[in-house]
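1. Here is my input, please return the structure:
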Amino acid sequence: MTQLYFQPRTTVEQVEESTDLAPKFGEDGLMPCITTDATTGEVLMLGWMNAEAFRLTIQTGEAHYFSRARQVLWHKGATSGLIQTVVEARIDDDQDALLLIVTEN
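-> Numbering: from 1, shown residues only. Sure, this is the predicted structure:
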């Protein structure tokens, strides 16, 4: 799998007005991610992503998160069987929060 690199954050204009993907993770290295059901619009969860989880989500098309309680990366559905397949991913204008629209299968 080809490594995905995020752009460095240089200016407000670059982050808010360009097509550069330059996510801003918090001091803890995490970014909040709301996940909703593609069919119903129901909010499924509020999760957290670090850079690795975000990269894996983009590269695989399946949701990956970072567990704050266990301090580990996890592939949603790996144990439960309810894998979240990403239909659409959105990042807010200052690139510090995510929205995933998914189907669970």
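2. ok, residues contacting the lengthiest helix in the chain?
-> Of all the segments of type helix in the chain, defined by DSSP state H, the longest one is helix 51-60. For helix 51-60, the surrounding residues in contact (Cβ atoms under 8 Å, 6 or more residues apart in numbering) are 1-4, 6, 23, 25, 29, 31, 49, 63-66, 73, 75, 86, 89, 98, 100. Backbone N, C-alpha and C define where each C-beta goes, glycine included.
3. Can you give me the buried ones in that helix?
-> Buried residues in helix 51-60, counted by 16 or more other Cβ atoms under 10 Å: 51, 53, 54, 55, 56, 57.
4. Pick out whichever of the residues you listed sits closest to residue 11.
-> residue 51 (20.5 Å; Cβ to Cβ).
5. And that closest one, what's its pLDDT?
-> Residue 51 carries a pLDDT value of 96.
6. same question, residue 67
-> pLDDT at residue 67 comes out at 96.
7. For the nearest residue to it once chain neighbours are set aside, give the beta-bridge partners.
-> In space, residue 67 comes closest to residue 74 once its chain neighbours are excluded; the distance is 5.5 Å by Cβ to Cβ, 6 or more residues apart in numbering. Taking DSSP bridges as the rule, residue 74 bridges to residue 65.
8. Which positions within the helix or strand bottoming out on mean pLDDT in the chain qualify as buried?
-> Lowest by mean pLDDT, DSSP states H and E among the helices and strands of the chain is helix 12-17, with a mean of 84. Buried residues in helix 12-17, counted by 16+ other Cβ under 10 Å: residue 15.
9. Sounds good, over and out.
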